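1. sequence? don't have it. structure:
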C-alpha cells in the first residue's frame, strides 16, 4: 500500500497513531492540518475565522490531491476531510483508508483540555460539547464508514499501532 489514510473524529488518535504507524512501517508521516498551517502560515482557527470553512475545505481538498502524488506515507486527515467533495472516494482510490473509531466518552475526554484549538468546538460548555460531538459524529459517520477498514480503537495508541501494522495490507 503506497498511502494509508487515517480518518475519524477529532481526538480519535489519528496523529498519534499515524506517527507511530509510519515509523513502524518505515513510511513518512503527514498531518494534513499541520501541512495546511505550514503552507498558509497561520493556524486552522485563524483560517476559519478569517476566510471561513468553505475556504478551508477547498485548501484541504487541494492538499489531499497533492498528498496523493506521494508514496509510502501515512496520512492523518482532518476530522471533516472525508465529508467534503469527493475526498473519501479520492482516498479509497489512492490508498487504504482506515476509520479510527473511538467511543464518544473517550473523544470528549481527549478534547476537553485543548478545545480552544478546535474552531468547530471552541467556546462550548461541557454539556454543549457532548451534544455537538454526538451530532457531528452522526453526520460524519456515514462518510467514515466508507473507509476500507473500520478499526475500533481501545484508546491505547501502542496497542492500536501493533494491531494495525499486522492487518493493513502492504
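-> Done, it's in. Keep in mind it's a predicted model, so treat the numbers as computed, not measured. Numbering: from 1, shown residues only.
2. Identify the residue nearest residue 111 in space, chain neighbours excluded?
-> Leaving aside its sequence neighbours, residue 111 sits nearest to residue 11 (Cβ to Cβ, 6 or more residues apart in numbering; 4.4 Å). Every residue, glycine included, has its C-beta placed from N, CA and C.
3. whoops, residue 150 was the one
-> residue 99 (4.7 Å).
4. Which stretches in this protein count as strands?
-> 3-7, 28-31, 73-76, 96-101, 149-152 (DSSP state E).
5. Export those as JSON lines, with columns for distance to residue 160, mean neighbour count and mean pLDDT.
-> Formatted as JSON lines, the strands of the chain follow (distance: least, Cβ to Cβ, whole Å; neighbours: other Cβ atoms under 10 Å; pLDDT from 0 to 100):
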{"stretch": "strand 3-7", "distance to residue 160": "10", "mean neighbour count": "27", "mean pLDDT": "98"}
{"stretch": "strand 28-31", "distance to residue 160": "15", "mean neighbour count": "18", "mean pLDDT": "98"}
{"stretch": "strand 73-76", "distance to residue 160": "13", "mean neighbour count": "26", "mean pLDDT": "98"}
{"stretch": "strand 96-101", "distance to residue 160": "8", "mean neighbour count": "23", "mean pLDDT": "98"}
{"stretch": "strand 149-152", "distance to residue 160": "7", "mean neighbour count": "15", "mean pLDDT": "98"}
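6. I'd like the ones you listed as TSV, with distance to residue 129 appended.
-> Below are those laid out as TSV (distance: least, Cβ to Cβ, whole Å):
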stretch	distance to residue 129
strand 3-7	21
strand 28-31	23
strand 73-76	22
strand 96-101	19
strand 149-152	22
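7. looking at the ones you listed, which is closest to residue 133?
-> strand 96-101 (13.5 Å; Cβ to Cβ).
8. what's the distance between that closest one and the middle of its chain?
-> Computed by Cα atoms, centre = their mean, to the nearest Å, the separation of strand 96-101 from the middle of its chain amounts to 9 Å.
9. Of all the residues in stretch 26-46, which ones are buried?
-> Buried residues in stretch 26-46, counted by 16 or more other Cβ atoms under 10 Å: 27, 29, 30, 31, 32, 33, 35, 36, 37, 40, 44.
10. I misspoke; the intended subject was stretch 13-30.
-> 13-22, 25, 27, 29-30.
11. buried set for the helix or strand of the chain with the lowest mean pLDDT?
-> When each helix and strand of the chain is scored by mean pLDDT, DSSP states H and E, helix 104-111 comes last, with a mean of 89. Buried residues in helix 104-111, counted by 16+ other Cβ under 10 Å: 107, 108, 110, 111.
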